[in-house]
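Visitor: turn this into a structure:
(one chain, ligands or ions: 1)
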Amino acid sequence: MSHSSIQSVQTPDSTLVVRDFGAQVLSWRPRASEEVLWVSPLATITRASPLRGGIPVCFPWFDNASRSSAVEATQAPTHGFARNTLWERKKSTEGDSLCFSLTHAPFASGQLEATTRELAEAEYWDLYPHSFDADLSVRTRETLEITLTVTNTDNHSYVFEAAFHTYFRVSDIRNINLKGLEGACYIDALNGFTAGVGDSLDTFSEAVDRVYTSKSPVTISDPGLSREIHIATEGFGSWIVWTPWSEGALSIEDIPDEAWADFLCLEAGNVLGDAQQIYPGETLEMTMRVSVSDLTSFPPQS
Ligand SMILES: O=P(O)(O)OC[C@H]1O[C@@H](O)[C@H](O)[C@@H](O)[C@@H]1O
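Guide: Numbering: from 1, shown residues only. From the prediction side, this is the model:
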C-alpha cells in the first residue's frame with residue numbers, strides 16, 4: 001500500500017496540499033504570502049507514519065495516553081491514531097475543498113476481504129472501543145478553513161480529545177510576537193503540569209509546552225516575514241503552544257538540530273479539561289480558520 005498519496009488544490013487565492021495518510025495538511029500558501037506551514041526537511045512521505053510538520057490531526061486523544069482522560073491503555077500511541085491512519089478521500093462538491101473520512105467500528109470477524117486500511121484500523125479497536133465517523137474537510141480560499149466533524153455511531157457515550165497540531169513557519173521564533181493569550185489560564189507540561197495564569201507568552205526565549213484555556217483568536221506577528229498569521233476557532237476550547245527550543249530539538253530525530261527556530265506549534269484543541277463527551281447519535285464540529293495579512297494592514301475578515 002502506498003502511504004504517499006497527496007492531493008492538491010489550486011484556487012485564484014491560494015494553494016493547498018493534503019496527504020491521505022492522517023488527512024494531514026502539508027502546505028498552504030495564500031497568493032500574497034510565502035508558505036504558512038513548516039514541514040521538516042527530514043520528513044519522509046513514503047513512511048506510514050505522521051510527518052513532522054504541516055497539520056497533524058490529533059484524535060481521539062491528545063498527548064501521552066497516560067495523561068489523557070479519553071483513553072485507558074497507557075501504551076496507546078501519543079496524540080491518538082487518526083494521524084497514524086489512512087483516511088478515505090471523499091468527493092467534494094466544492095472545487096476549493098478536500099474532504100476525508102475515517103470510520104472506526106469493530107472489525108467483523110470472519111470477514112475475508114478486509115482492506116488493508118480496515119486491518120490497520122482494527123488494531124486500534126482494543127485501545128478505543130467506541131465507534132465513530134470522523135470527517136475532515138479542508139477549504140482553501142484567502143482563508144484556510146479546516147473542520148473536524150465527529151459523530152458517535154455507538155450505543156454509549158464516550159470522551160474524546162482533538163487538536164489540529166499546526167506547525168506555523170516563522171522567520172525566527174526568537175523574533176516573533178504571539179497575541180491573544182493575555183490573562184488566560186494554562187497548564188505547564190514542562191513544570192509538572194502545574195497551573196499558571198497571567199503569563200501572556202508574547203515572546204519566546206526558551207522551550208514552551210503549555211495548554212491554554214481560551215477560545216479567543218490568536219495572532220503570530222512576524223516582522224522577519226512582514227506578516228501576521230491570524231488563527232480563530234469554533235468548537236475548540238484550548239490552545240496548545242509548543243516549541244522544543246534548541247536543546248529539545250536535539251532529541252527529536254526528524255527535526256534538524258538547526259531548524260528549531262523555524263516554527264512555532266500553535267494547536268487548536270479540545271484537550272485535558274476540554275475533552276468532549278459525545279452521546280450516541282450526536283455530532284460535534286470543530287473548526288480552525290487561518291488567514292494572513294501584511295504586518296502593516298488590518299487583519300482580513302473571514
Ligand atoms: O513528537 P510528537 O508526538 O508529534 O509530539 C510533539 C509535541 O506535541 C505537542 O503538542 C505536545 O504538547 C508536546 O508535549 C509534544 O512533545
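
Visitor: so what's the residue in the stretch 101-250 of the chain that the ligand sits nearest to up against?
Guide: Closest residue of the stretch 101-250 of the chain to the ligand, CB to the nearest ligand atom: Trp242 (4.1 Å). To be clear about C-beta, it is placed using only N, CA and C from the backbone, and glycine gets the same treatment. Under the criterion of CB atoms under 8 Å, 6 or more residues apart in numbering, the neighbours of Trp242 are 208-210, 264-265, 267.

Visitor: and these, which of them are in strands?
Guide: Among the contacts of Trp242, the members found in strands (DSSP state E) are 208-210, 264-265, 267.

Visitor: so which of those reach the ligand?
Guide: Near the ligand, judged by CB under 6 Å from any ligand atom, the entries from those are 209, 267.

Visitor: out of the ones in strands among the contacts of Trp242, who's the most crowded?
Guide: Glu267 (26 neighbours; other CB atoms under 10 Å).

Visitor: show me what the residue lying closest to that one once chain neighbours are set aside bridges to in the sheet.
Guide: Nearest non-adjacent residue to Glu267, counting by CB to CB, 6 or more residues apart in numbering: Ile240, 3.9 Å away. Beta bridges link Ile240 to Val211, Glu267, judged by DSSP bridges.

Visitor: now the helices for this protein?
Guide: Applying DSSP state H to the chain gives helices spanning 116-122, 245-249.

Visitor: give me every residue in the stretch 101-250 of the chain lying close to the ligand.
Guide: Residues of the stretch 101-250 of the chain lying near the ligand by CB under 6 Å from any ligand atom: 165, 189, 209, 240, 242.

Visitor: tell me who's in contact with the first one.
Guide: Residues in contact with His165 (CB under 8 Å, 6+ apart) are 55-58, 79, 83, 240, 265, 267.

Visitor: mind doing that once more with 10 Å?
Guide: 24, 50, 53-58, 62, 79, 83, 240, 242, 265-269 (CB atoms under 10 Å, 6 or more residues apart in numbering).

Visitor: now go through those and say which are in strands.
Guide: Per DSSP E, the contacts of His165 map to strands at 24, 57-58, 240, 242, 265-269.

Visitor: which among the residues you listed gets closest to Ser131?
Guide: Comparing these against Ser131 with CB to CB places Val57 closest, at 18.2 Å.

Visitor: for that closest one, which non-adjacent residue is spatially closest?
Guide: Counting by CB to CB, 6+ apart, the residue nearest Val57 is Ala82, at 4.8 Å.

Visitor: run through the neighbouring helices and strands of the lengthiest strand in the chain.
Guide: Scanning the chain for the strand with the most residues, using DSSP E, yields strand 283-294. Packing partners of strand 283-294 (3 or more CB pairs under 10 Å, 6 or more residues apart in numbering; DSSP states H and E): strand 24-30, strand 132-140, strand 144-152, strand 162-164, strand 218-222, strand 227-234, strand 263-270, strand 276-278.

Visitor: winner for burial among those?
Guide: Compared across the helices and strands packed on strand 283-294, strand 162-164 shows the largest average neighbour count, a mean of 28 (mean count of other CB atoms under 10 Å).

Visitor: that one pairs with which strands?
Guide: Sheet partners assigned to strand 162-164 using DSSP bridges are listed as strand 57-58 (antiparallel), strand 263-270 (antiparallel).

Visitor: TSV for the ones you listed, including distance to Thr140 and mean pLDDT?
Guide: Listed next are those as TSV, based on distance: least, CB to CB, whole Å; pLDDT from 0 to 100:
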stretch	distance to Thr140	mean pLDDT
strand 57-58	17	98
strand 263-270	17	98
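
Visitor: mind giving me TSV with the ones you listed and columns for distance to Glu34?
Guide: Output for the strands paired with strand 162-164, formatted as TSV (distance: least, CB to CB, whole Å):
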stretch	distance to Glu34
strand 57-58	24
strand 263-270	13
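
Visitor: to Arg227, which of the ones you listed lies closest?
Guide: When the strands paired with strand 162-164 are ranked by proximity to Arg227 (CB to CB), strand 263-270 comes first, at 13.4 Å.

Visitor: what's the offset of the closest one from the middle of its chain?
Guide: 7 Å (CA atoms, centre = their mean, to the nearest Å).

Visitor: what angle sits between it and strand 283-294?
Guide: Here strand 263-270 points in a direction 150 degrees away from that of strand 283-294 (axes from the mean of the first three to the mean of the last three CA atoms, to 10 degrees).

Visitor: can you pull the contacts of Cys99?
Guide: By CB under 10 Å, 6+ apart, the residues touching Cys99 are 7, 18, 23, 87-93, 135-139, 147, 149.
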